[in-house]
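**Q** Fold the following and give me the result.
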Amino acid sequence: MKAFNEKRNAETADEIWLLEHHPVFTQGQAGKEEYILLPGDIPVVKSDRGGHVTYHGPGQITAYVLVDLKRLKIGVRDLVTLIEQALVQTLAHWHISAAPRRDAPGVYVGNGDKIASLGLRIRKGCSYHGLNFNVSMDLSPWQRINPCGLGVAMTQLADLVDEPPTIEQVMGKLADSLSAGLGYNAYRSGDSDALLHELT
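**A** Modelled structure (predicted):
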């Protein structure tokens with residue numbers, strides 16, 4: 001991700017990488033040690049993204065949003081809003097009402113539980129890192145940290161619907177919403193294992 005951002009130039013196509021991580025806690029630039037409560041056997045990795053402490057694991061979509069903000073003529077706040085709205089639209093497809101919070105980036109369902117987290121880094125006018133979206137995962141590792149320092153409960157899509165979709169279905173819908181929000185009307189899907197989407 002960092003290497004891609006360092007090597008890209010004005011002609012490089014934007015990309016969104018959609019994947020699932022092995023269990024890991026990541027500590028963003030604003031992350032405080034006291035937010036890591038009992039990591040146990042799950043590794044903690046320091047990250048250069050914005051934000052605090054979060055968890056990544058199987059059953060959760062991590063999307064790395066690698067776009068040229070200068071070329072798109074948008075600011076960081078615009079990109080955050082765009083990502084949040086793509087998540088809201090994706091959840092609405094499964095009739096789940098959700099919204100962002102002005103005081104804390106991310107997306108929250110009606111009862112205030114958090115279902116998606118954001119953490120970005122901007123370098124040379126381009127973004128990397130992105131979002132985590134809980135789809136159908138083991139939520140117990142979230143109890144080992146104070147997610148984003150907010151003290152909020154975490155939830156996932158599978159617990160909010162009668163018939164949970166597959167993670168591939170959710171990835172497809174999220175890719176559609178992100179690419180539409182970025183102003184692309186088509187995208188090319190690459191390696192199916194990594195589910196890399198190159199926006200063209």
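**Q** Kindly list the single helix or strand of the protein that scores lowest on mean pLDDT.
**A** strand 196-199 (a mean of 43; mean pLDDT, DSSP states H and E).
**Q** The nearest residue to Ile83 once chain neighbours are set aside and Leu79: what is the separation?
**A** In space, and not counting its chain neighbours, Ile83 is closest to Leu131: 5.6 Å by Cβ to Cβ, 6 or more residues apart in numbering. Quick note: C-beta positions are derived from backbone N, CA and C, even for glycine. Here the criterion is Cβ to Cβ, to the nearest Å. By it, Leu131 lies 11 Å from Leu79.
**Q** same question, Ile145
**A** Distance from Ile145 to Leu79, by Cβ to Cβ: 25 Å.
**Q** Kindly report the same for Ala13.
**A** Going from Ala13 to Leu79 by Cβ to Cβ gives 17 Å.
**Q** helices and strands around the longest helix along the chain, which ones?
**A** The longest helix of the chain (DSSP state H) is helix 76-93. In this structure, helix 76-93 packs against strand 98-101, strand 104-109, strand 114-123, strand 126-134, helix 167-181, with contacts taken as 3 or more Cβ pairs under 8 Å, 6 or more residues apart in numbering; DSSP states H and E.
**Q** Tell me which of these is the most buried.
**A** strand 126-134 (a mean of 24; mean count of other Cβ atoms under 10 Å).
**Q** starting at the chain centroid, how far to it?
**A** Taking the mean of its C-alpha atoms, strand 126-134 sits 4 Å from the chain's own mean (Cα atoms, centre = their mean, to the nearest Å).
**Q** and it, what's its mean pLDDT?
**A** Regarding strand 126-134, the rounded mean pLDDT is 96.
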